[in-house]
Structure formats: structure tokens, C-alpha cells
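>>> quick one, structure for this:
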Amino acid sequence: PTGHGKWSIRGGGQIAYDVIPLNFAINSLPPQLQTEQNPTLTCALPDAPAWCTSNGGKPGPGFLAGGGLLQVNVPPTTTADARAATQALILDMVDPKVITWSLGVQHELLKDNSIEVRYVGTRSLELPVQMRLNSASAFDPTVPGGGIAPLPTYLNASAVPATVVAPASTRQDFVNFLANGLFQPLATEGFFGNLTENPPIGSGIYHAGSVDFMHRFAKGLYFRTNYTFSKNIDNSTNELFSSRVNPRRAQDGFNFAAERGRSALDLPQKFAITWVYDFPNVHSENRFVRGLAHNWEWSGTYLAQSGQPVTPLSNVDANANGDGAGDRTIINPAGVGLTGTTAQEVCNDGAGGATRIITATSAACASSNVVGYVAVNSTARFVQAGLGALANAGRNTVSTPGFNIWNMSLFKTMKFTERTSVQFRFQTFDTFNHQNYSLGLPTNNGTIDQNTNTNPLNTSYIFVTSPHFLNKFIFNGGSRTLELGLRFSW
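Have a look, this model is predicted:
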């Protein structure tokens, strides 16, 4: 803008459309096509055809003569049978849409050095989410038999009333709601499956500001560092079930407004350094010395970032909708740290409605006399929501540990001709062997971590019923990895 070539202003916007994962349709087969068969599956069934072992115990000739693949499902012949076998609904396809905009200002500070400040925004719309149509909460007054009053959860034993004479509801009301199939409102029409669908009702918003400093390659050195501060909010993230620490479905599939919160991809702060340094050549007439000392390169990265958020779960179908995948917990404002606790039943089977707390050593209480719950540990932050209790914790309210990683490489290139060379490569990931108890990649090496990082699959981390609740030390912290290689170029 000044005409001196020291400033640059860049901005832009775009609308992009994503593809729809094919397995949404594959996993939503209609009742006429509920199974898949191939030679491996057919030959593992009890009535396997003769061709499965006609070649010395291996699949051999006679495939068609032997009946081909087994038919293991029989298409329904009546409307009632078809409805009873229906387990999904395939909707009209809507491509996910992403709107992106950005604005950046770059300035040359000194020769070969520049700094840039940039803002990036992203709005994602019509994202697919997994939803069960044939699932209703016992709290929903629009459902026949629903509108049941939630059972209270007391945060300490002293808060439990001495008597509860006429409770608004009992645990038995929720047991009956489930036992009578009222959580499946479409059962009255003959549909007894979950009727899973993937409607395009997911959305998200992302804002980020970053500062980037770069020293362009000069005098053998390239250096770049970047800091990003961002916020990522959405109402769904994990529809493909790639992580067990983030619920696949909403706590209530008909109340996605309650799912709006931090995205599982929300990493508020990220700092990165990258460098490449070519060692100077040695002035020597000795060919051997030149060959040994020339063409060495040292490069590396340092990355530090916040941890992704997770949702503490009760491991109970608290709202009695037949799906315990996303039922959250109850927040104790007086709770300490990232601690969780189970809840005990409060029973009113005494004379005049006298209450007692059901412990492991006390007499059992009939569900019709359970009038609430009480936290076992009154100092815990997250309290289990039992059957019929109303969870009030938000989605993705707990930040998991972040990580910081050093990766370094040392390359030596030996040229034979103008076009041919051999490069020796010595690479280290997590160079200083610093363990990172994070859901993210413990070594920041995608190939390695995708095969070895099981942290996102550890459900015991987010269940308050687990002795490992929010205990990062159950994770694989990663370890240093060394790689040696030779690269021949011609």
C-alpha cells in the first residue's frame, strides 16, 4: 500500500463444499439388504458350501455349482416385517458447506525478515450428525408417557431431606418408561429399531488470530515461528466415531441447541518453530575432508499446543431415551479440581416417608421408593447422573493436557555428478524423550501415532464411574523415535 514493497495486505473469502462419507449410506441399509456376504464371511458360516474347502482345505472350484454365496437374510414380505427390520433412514444428500474468510497484514522488518498478523474465520454449515429418530427422553412432555419430573441429586448427605412423603416421581417411573418401550415413540407404528439417520444439522464457527515471524533463507539459515490463538465452537464433531472420549451422538438428539459448546477440535493456543540450517563448507584442498565436512543440514521443529476438550460422562442412560452414549454429569459448584464421583440412591421406604441413603452394606431399596440420588464424594466436581436425574454439565467443558514436542533431523548429502546424489538422513521424533500425556499425537509423527496412539479410544478417562477418571497417566505418553534412511536422487 505504500509503494515501497515493505507492506502487504492480503485478504480473501471462499465457499467450499465437502463430500459426504460413503459409509453413512453403507451403514444405513434398508431391510431388503441388511447383510453383506463375501467368500470369507460365507465360508465361516456353519453351512459353508463345498467350494470353501474343495482345494485341499482352501477355496477352490465349483463356486456356482456349489450355490455361490450363502443367502443369510430373507427380505421381508409384509409391511409389518419391513418396519420391524428397518434400522436406518437414508435422507436426501446435502453437501456440507464451509465459508472461510481471512485478512492479513505483512511487513518487512529488516532484510530477509518479515512479520505477519492474520485473522481467519470459518463457518461450517449443514454438517452431518448421527441421530436416532426412534429415541425420546423421559423428560420430553410431547412424548406419550413422557414429561416425567427429574429425580433430584443432592451434592452432600446433609442436603438430603429427612422425609419425602409424596415425591413427584420415582426411579420406577423411568424404569417403566424404558421397559414399556416408551423411549421408542415410533414403536406404535411398528418400528422397533433405532432408525439412525445423519441429518445435515451440524454447524460450527472458528475464529483465529495469529502472529508469524519469518527469516527467509539467507546465509544458510531459514527460521519461522508462529503463535495462534483461536476459538472453535460447534454442536457436533465425532459423527464417524473416531474417538471414544468424545460422544458420537448428542445427549438428546432432539435438542441440539444444548450441544453447542467447544468443539473437540478446539485448541485455543498453538506455538510452532521451524528452522533449517545449512552448515558452512570447510575451505580445504583435501578432497576427503571436503566430502566429509560439506553439505550438512540441520533442521527441526518445536510444537506446543493446548489440549482438546472432553465431556465427562455418567456412563448411565440418565434421561431414559435408550441411548447412554452422551449422557453427561452434574456439576458440583463446590467441587474441587477435576474429580468425579458416583451417586447413591435416596430411599423413602421409612414410616412417614423417612429417607435413608442406600450404601453397599445397607438393605436394598425398591425402585418405587428411590426418590433421588446423593453424591458419594461431596467434594467432587463432577457427579454421576443416575437414571432419571437431569445432567447439567455442558459439552466439552474439560480441557485435557496439551503437549510440546521437539523433532530434529540431520542430513548429509554427497553429490557424485551434477544430477546424482545420495543423502543420509538421521531423524528424531520427540528428540528429548519427553512424555506427553495428551489425546493428541504423543510424538507429532502422524504415521507412527496413527498406529500406536490409543489415547482417544480410552473410555475410562471420561466416565465418572472409572477409577481412572480424568487421570492423564493412563495415556500413552509417547517416546523418542529414531529413523535412519538413505535417499538416492538422479
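>>> go ahead and confirm residue 165 touches residue 350.
No - contact between residue 165 and residue 350 fails when scored by Cβ atoms under 8 Å: they sit 10.6 Å apart. To be clear about C-beta, it is placed using only N, CA and C from the backbone, and glycine gets the same treatment.
>>> the helices in the stretch 51-200 of the chain, which residues?
With DSSP state H, counting those that start in this stretch as the criterion, the stretch 51-200 of the chain has helices at 79-85, 171-179.
>>> what's the closest of those helices to residue 55?
helix 79-85 (36.5 Å; Cβ to Cβ).
>>> need the least confident one among the helices of the stretch 51-200 of the chain, by mean pLDDT.
With a mean of 90, helix 79-85 has the lowest mean pLDDT of the helices of the stretch 51-200 of the chain.
>>> in that one, what counts as buried?
Of all the residues in helix 79-85, those buried under the rule 16 or more other Cβ atoms under 10 Å are 82, 83, 84, 85.
>>> can you give me the mean pLDDT across whatever helix or strand residue 41 lives in?
Using DSSP states H and E, residue 41 falls within helix 39-43. Averaging pLDDT along helix 39-43 yields 87.
>>> repeat that for stretch 321-333.
For stretch 321-333, the per-residue pLDDT averages 92.
>>> give me the residues contacting stretch 442-455.
Residues outside stretch 442-455 that contact it (Cβ atoms under 8 Å, 6 or more residues apart in numbering) are 245, 301, 303, 403, 405, 407, 429-430, 435-436, 438-439, 441, 461, 475-481.
>>> check contacts around the residue nearest to residue 84 when sequence neighbours are not counted.
In space, and not counting its chain neighbours, residue 84 is closest to residue 192: 5.3 Å by Cβ to Cβ, 6 or more residues apart in numbering. When contacts are counted by Cβ under 8 Å, 6+ apart, residue 192 touches 83, 84, 134, 181, 184.
>>> any idea how far apart the tips of stretch 255-264 sit?
Start-to-end span of stretch 255-264 (Cα to Cα, to the nearest Å) is 19 Å.
>>> may I see the buried residues of it?
For stretch 255-264, a neighbour-count test (16+ other Cβ under 10 Å) marks 256, 259, 260, 261, 262, 263, 264 as buried.
>>> any idea which of those residues the model trusts least?
Among those, residue 256 has the weakest pLDDT, 88.
>>> how far away is that residue from residue 87?
Per Cβ to Cβ, to the nearest Å, residue 256 is found 22 Å from residue 87.
>>> that older thread, report the buried members of the contacts of stretch 442-455.
245, 301, 303, 403, 405, 407, 429-430, 436, 438-439, 441, 461, 475-478, 481.
>>> out of the residues you listed, which sit inside strands?
Counting by DSSP state E, these place 301, 303, 403, 405, 407, 429, 481 in strands.
>>> beyond the biggest strand by length in the chain, next helix or strand please.
Using DSSP E, we find that the single longest strand of the chain is strand 202-218. Heading C-terminal from strand 202-218, the first helix or strand you meet, by DSSP H and E, is strand 221-234.
>>> that following strand pairs with which strands, and in what direction?
Strand 221-234 pairs in its sheet with strand 202-218 (antiparallel), strand 261-262 (antiparallel), strand 269-278 (antiparallel), by DSSP bridges.
>>> residue with max distance from the center of this structure?
Most distant from the centre of the chain: residue 285, at 59.7 Å, with distances by Cα atoms, centre = their mean.
>>> which stretches in the stretch 351-490 of the chain count as strands?
Using DSSP state E, counting those that start in this stretch, the strands of the stretch 351-490 of the chain run over 356-357, 370-375, 380-383, 398-399, 403-415, 421-429, 481-489.
>>> out of the ones you listed, nearest to residue 106?
Closest approach to residue 106 among those (Cβ to Cβ): strand 403-415, 26.9 Å.
>>> in that closest one, which residues are buried?
For strand 403-415, a neighbour-count test (16+ other Cβ under 10 Å) marks 403, 405, 406, 407, 408, 409, 411, 412, 413 as buried.
>>> average model confidence for that strand?
When pLDDT is averaged over strand 403-415, the result is 92.
>>> quick one: it to strand 481-489, angle?
Calculated by axes from the mean of the first three to the mean of the last three Cα atoms, to 10 degrees, strand 403-415 forms an angle of 30 degrees with strand 481-489.
>>> what does strand 403-415 rub up against?
Contacts for strand 403-415 (Cβ under 8 Å, 6+ apart): 291, 295-305, 307, 421-432, 434, 436, 438, 440-445.
>>> now the angle from that strand to strand 421-429?
Angle, strand 403-415 to strand 421-429, by the same axes, to 10 degrees: 170 degrees.
>>> strand partners (parallel or antiparallel) of strand 403-415?
strand 296-305 (antiparallel), strand 421-429 (antiparallel).
>>> just how off-centre is the helix holding residue 41 within its chain?
The chain centroid and the centroid of helix 39-43 are separated by 33 Å under Cα atoms, centre = their mean, to the nearest Å.
>>> cool, and stretch 165-178?
Its chain's C-alpha centre and that of stretch 165-178 lie 34 Å apart, by Cα atoms, centre = their mean.
>>> in the longest strand of the chain, which residues are buried?
Residues 202, 203, 204, 205, 206, 208, 210, 212, 214, 215 are the ones in strand 202-218 that count as buried (16+ other Cβ under 10 Å).
>>> for the chain, which spans come out with low pLDDT?
33-35, 57 (pLDDT under 70).
>>> what about the most centrally placed residue in it, distance to residue 181?
The residue lying closest to the centre of the chain (Cα atoms, centre = their mean) is residue 243, at 3.8 Å. Separation of residue 243 from residue 181 (Cβ to Cβ): 31 Å.
>>> what does residue 315 give?
23 Å.
>>> higher neighbour count, the two?
residue 315 (18 against 14; other Cβ atoms under 10 Å).
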